[in-house]
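A.B. asks: My questions are about this predicted structure, shown below with the sequence.
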Amino acid sequence: MKADTEPFTLVEETSDTTLNDKFQELLSAKSADHDIQYVTRLRQQYPELTVTAVPSNSCGLLAFAAGGYASAELVNEAEEPLASWRGWVPALGRQGEGAKGGIGQTTFFAKYHYKWSNEDFVVYIVGRVQYVLKDPRGDETTLSPSKLVDSLIAAVGTWQSSEVVWVFDGYWQLSKALFQQVRKAEWENVILAPKQKAAVQDVATKFFDSKDLYDELGVPWKRGIIFHGPPGNGKTISIKALMHTLARRTPPVASLYVKSAVNTYQIRAIFQLARQLAPCMLIFEDIETIVTNVTRSYFFNEVDGLESNDGILMIASTNYLERLDPGLSKRPSRFDRKYLFPMPNEHERTLYAEFWRRKLEKRGNRVEFPKRLCPAMASITDGFSFAFLQEAFIATLLVVARDVENGTADSGRHDDDLDQFELWRIFKAQVRDLRSDMDSKTQDLVLPETTRTLCPDHQQSITTSQHALQMPILCRTSPMQQILPQAISSDVDVMYDINAVGQAGYKNAYINTAAYDHR
């Protein structure tokens with residue numbers, strides 16, 4: 001008996017699929033590079049429009065709209081469903097008192113009607129790529145670039161790159177947070193000897209104003225400067241003030257801030273961007289950690305090589321000039337000027353106290369701070385860096401604020417005329433504590449400038465520099481655990497420079513120990 005069979009009719013079905021359909025299809029299968037397929041689908045869906053793919057990380061269209069420079073209206077989800085994550089974003093302390101958290105959203109797929117400069121666009125957000133659709137104008141075709149889209153990209157890019165600092169910490173990134181710090185750095189807040197302050201202020205201005213002079217003399221328009229000296233004495237604030245000065249020029253001069261670079265390819269990336277953004281100021285923080293045995297040759301090739309570095313002013317900072325490769329510190333064509341930022345003298349400490357006095361006056365603070373306290377404060381802080389002075393003032397004001405709040409301020413009579421001021425009494429106590437802390441850290445560690453010690457095994461005369469650590473010279477009969485006592489091995493960075501090592505042993509070796517850092 002023949003099996004029952006049902007007749008069937010082949011129906012050719014047509015469906016108006018959308019980009020979202022393709023998005024779901026591709027993410028439900030094996031993953032690959034989908035960009036070409038997305039562009040193809042959009043051209044099928046919108047045959048009358050140009051399609052431009054724009055990476056989100058280089059041109060944030062939604063951020064631009066959120067800043068009020070354009071509008072982005074989400075299309076009805078019935079047409080193109082939204083794919084996103086939503087979650088709670090807590091309030092940040094820096095947002096101020098009373099700040100509340102809110103709902104945050106990360107969008108993976110969405111369609112927007114976008115309006116900028118009286119022009120309408122269609123924008124798709126698909127993962128990390130934005131697809132911008134626009135009707136062709138003039139002699140444009142749907143397959144050619146859109147001049148209006150290019151203008152939008154340029155506007156967003158210019159907005160993103162304004163009021164930012166380029167920061168390299170393994171890779172380049174734009175930092176608005178650092179720019180906010182730079183904007184607060186004013187030369188009036190920098191305490192330096194008058195001549196040095198004027199010279200540091202002029203170093204960048206004169207360089208960027210002198211291109212014609214360099215061309216006239218036939219020399220490359222590039223220069224290198226080193227800021228060196230003990231930590232906490234104004235190198236960083238001076239660099240930020242220079243950055244602020246250059247940001248206010250017309251047109252602004254870009255500042256590129258290098259925090260770390262441990263590989264040769266990173267050195268290459270640093271100079272590539274500097275050449276693209278020139279004229280610019282290229283800053284190397286703690287350059288002794290950047291130009292190492294691994295990177296030194298590559299760094300020197302980038303500075304001296306065939307590629308042009310015209311318009312690049314290099315500023316390097318270091319707490320340890322003696323650690324620098326001679327190719328950096330003693331080669332004029334690379335870093336031809338050095339500025340020492342020494343420990344502040346009594347006059348500079350007085351100026352710093354007056355800076356804090358003016359600061360409190362501007363804020364309408366009720367703390368009694370007469371001008372005659374400033375030289376007195378300077379007289380008891382000999383040997384303090386600006387960083388230690390800052391700590392003394394901050395700690396003092398915190399105690400004063402606490403006493404005022406608790407109603408425990410002492411207003412009794414005192415024998416010392418200055419002791420009638422609570423600020424002075426507390427400041428003296430804080431200075432004693434800080435000095436005690438300094439002394440406990442440096443006891444038996446600091447040597448006079450020309451102290452000489454002898455290797456106990458070879459009676460070899462050793463000269464140690466000022467602030468060097470007194471410890472035995474490395475020799476064949478001294479095990480390493482005896483060279484660097486456990487008690488200080490974690491706090492002190494020691495660099496050995498061993499010369500004349502051979503069959504005769506380490507008889508002629510010299511020790512070069514790093515300066516003790518009070519930070």
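C.D. replies: Looks like it came in fine. Numbers count the residues shown, from 1 in each chain.
A.B. asks: any low-confidence regions in this protein?
C.D. replies: Across the chain, residues meeting the criterion (pLDDT under 70) sit at 1-15, 29-32, 92-99, 365, 404-416, 439-519.
A.B. asks: Residue 259 sits in which helix or strand?
C.D. replies: strand 254-260 (DSSP states H and E).
A.B. asks: Give me the contacts around whichever helix or strand comes after that strand.
C.D. replies: Next along the chain after strand 254-260, taking DSSP H and E as the criterion, comes helix 264-277. When contacts are defined by CB atoms under 8 Å, 6 or more residues apart in numbering, helix 264-277 is touched by residues 166, 168, 170-172, 254, 256, 258, 261, 280, 282, 290, 294-295, 298-299, 302, 307-309, 312. Where C-beta positions appear, they are placed from N, C-alpha and C, glycine not excepted.
A.B. asks: Enumerate the positions of helix 264-277 that are buried.
C.D. replies: Neighbour-count burial for helix 264-277, counted by 16 or more other CB atoms under 10 Å, picks out 264, 266-267, 269-271, 273-275, 277.
A.B. asks: Same question for stretch 342-350.
C.D. replies: Under the neighbour-count criterion of 16+ other CB under 10 Å, stretch 342-350 has 343-344, 348-350 buried.
A.B. asks: Straight-line length of it, end to end?
C.D. replies: In stretch 342-350, first residue to last residue: 16 Å (CA to CA, to the nearest Å).
A.B. asks: Mind putting the buried residues of helix 264-277 into JSON lines with distance to residue 201?
C.D. replies: As requested, those are arranged in JSON lines below (distance: CB to CB, whole Å):
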{"residue": "264", "distance to residue 201": "35"}
{"residue": "266", "distance to residue 201": "31"}
{"residue": "267", "distance to residue 201": "29"}
{"residue": "269", "distance to residue 201": "31"}
{"residue": "270", "distance to residue 201": "26"}
{"residue": "271", "distance to residue 201": "26"}
{"residue": "273", "distance to residue 201": "26"}
{"residue": "274", "distance to residue 201": "23"}
{"residue": "275", "distance to residue 201": "26"}
{"residue": "277", "distance to residue 201": "23"}
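A.B. asks: that older thread, sheet partners, orientation included, of the strand holding residue 259?
C.D. replies: For strand 254-260, the paired strands and their directions (DSSP bridges) read strand 165-169 (parallel), strand 280-284 (parallel).
A.B. asks: What lies in contact with the last one?
C.D. replies: The one in question is strand 280-284. With CB under 8 Å, 6+ apart as the test, strand 280-284 has contacts from 204, 239, 242-243, 246, 253-258, 270, 274, 290-291, 311-317.
A.B. asks: now do 7 Å
C.D. replies: 204, 239, 242-243, 246, 253-258, 274, 290, 311-316 (CB atoms under 7 Å, 6 or more residues apart in numbering).
A.B. asks: I'd like the next helix or strand past the longest strand along the chain.
C.D. replies: For the chain, the strand that runs over the most residues, judged by DSSP state E, is strand 102-116. Using DSSP H and E, the helix or strand that follows strand 102-116 in sequence is strand 119-126.
A.B. asks: after that following strand, next one along is what?
C.D. replies: That would be, after strand 119-126 and using DSSP H and E, strand 129-134.
A.B. asks: That next one to strand 119-126, inter-axis angle?
C.D. replies: Relative orientation of strand 129-134 versus strand 119-126 (axes from the mean of the first three to the mean of the last three CA atoms, to 10 degrees): 150 degrees.
A.B. asks: hang on, the earlier thing: and the strand holding residue 259, which residues are buried?
C.D. replies: Those would be 254-258, for strand 254-260 by 16+ other CB under 10 Å.
A.B. asks: cool, and stretch 289-309?
C.D. replies: 290-291, 295-296, 298-300, 302-303, 309.
A.B. asks: sorry, back to before: would CSV of the buried residues of strand 254-260 with distance to residue 145 be doable?
C.D. replies: CSV is the format used below for these (distance: CB to CB, whole Å):
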residue, distance to residue 145
254, 27
255, 32
256, 30
257, 34
258, 35
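A.B. asks: which one of the residues you listed sits closest to residue 419?
C.D. replies: Comparing the buried residues of strand 254-260 against residue 419 with CB to CB places residue 257 closest, at 45.3 Å.
A.B. asks: Quick check: the gap between that closest one and residue 319.
C.D. replies: Applying CB to CB, to the nearest Å, the value for residue 257 to residue 319 is 17 Å.
A.B. asks: now do residue 169
C.D. replies: Distance from residue 169 to residue 319, by CB to CB: 19 Å.
A.B. asks: likewise residue 75?
C.D. replies: For residue 75, the distance to residue 319 - CB to CB - is 57 Å.
A.B. asks: Same drill for these two, tell me which one is more crowded.
C.D. replies: Using other CB atoms under 10 Å as the criterion, residue 75 and residue 319 rank with residue 319 on top: 20 against 16.
A.B. asks: and the gap between the more buried one and residue 161?
C.D. replies: Distance of residue 319 to residue 161, given as CB to CB: 32 Å.
A.B. asks: List of residues touching stretch 59-66?
C.D. replies: Against stretch 59-66 from outside (CB under 7 Å, 6+ apart): 70-72, 114, 123, 130, 153, 156-157, 159-160.
A.B. asks: can you give me the helices in the stretch 1-150 of the chain?
C.D. replies: Along the stretch 1-150 of the chain, counting by DSSP state H, counting those that start in this stretch, helices occupy 19-27, 35-45, 61-66, 147-161.
A.B. asks: Out of those helices, flag the one nearest residue 417.
C.D. replies: With CB to CB as the measure, helix 147-161 is the member of the helices of the stretch 1-150 of the chain nearest residue 417 (56.8 Å).
A.B. asks: all helices for the stretch 251-400 of the chain, in order.
C.D. replies: For the stretch 251-400 of the chain, the helices defined by DSSP H, counting those that start in this stretch occupy 264-277, 296-304, 326-329, 346-362, 373-379, 386-406.
A.B. asks: between those helices, which gets nearest to residue 180?
C.D. replies: The closest of these to residue 180 is helix 346-362. By CB to CB, the value is 18.6 Å.
A.B. asks: from the chain's centre, how far out does the host helix or strand of residue 180 sit?
C.D. replies: Residue 180 is part of helix 176-184, with elements assigned from DSSP H and E. Computed by CA atoms, centre = their mean, to the nearest Å, the separation of helix 176-184 from the middle of its chain amounts to 10 Å.
A.B. asks: And stretch 130-144, by the same measure?
C.D. replies: That offset, for stretch 130-144, works out to 39 Å (CA atoms, centre = their mean).
A.B. asks: Sort out which residues of it are buried, please.
C.D. replies: Neighbour count says stretch 130-144 has 130-136, 142 buried, by 16+ other CB under 10 Å.
A.B. asks: Between its first and last residues, what's the separation in that stretch?
C.D. replies: 17 Å.
A.B. asks: And the contacts of that stretch?
C.D. replies: With CB under 7 Å, 6+ apart as the test, stretch 130-144 has contacts from 38, 42, 46-54, 56, 61, 121-124, 146-149.
A.B. asks: Now the buried members of these.
C.D. replies: Looks like the contacts of stretch 130-144 have 38, 42, 46, 49-52, 54, 56, 61, 121-124, 146, 148-149 buried, using 16+ other CB under 10 Å.
A.B. asks: rewinding a little: so which of the buried residues of stretch 289-309 is the closest to residue 402?
C.D. replies: Nearest to residue 402 among the buried residues of stretch 289-309, with distances taken as CB to CB, is residue 290, at 42.3 Å.
A.B. asks: In contact with the closest one, which residues?
C.D. replies: 258, 260-261, 284.
A.B. asks: Repeat that for residue 335.
C.D. replies: By CB under 7 Å, 6+ apart, the contact set of residue 335 is 224-226, 314, 316, 328-329.
A.B. asks: Now rank the residues you listed by neighbours and give me the top one.
C.D. replies: Busiest of these [other CB under 10 Å] is residue 316, holding 27 neighbours.
A.B. asks: how close does the residue lying closest to it once chain neighbours are set aside sit to residue 258?
C.D. replies: Distance criterion CB to CB, 6 or more residues apart in numbering; nearest residue to residue 316, sequence neighbours excluded, is residue 287 at 4.0 Å. Separation of residue 287 from residue 258 (CB to CB): 9 Å.
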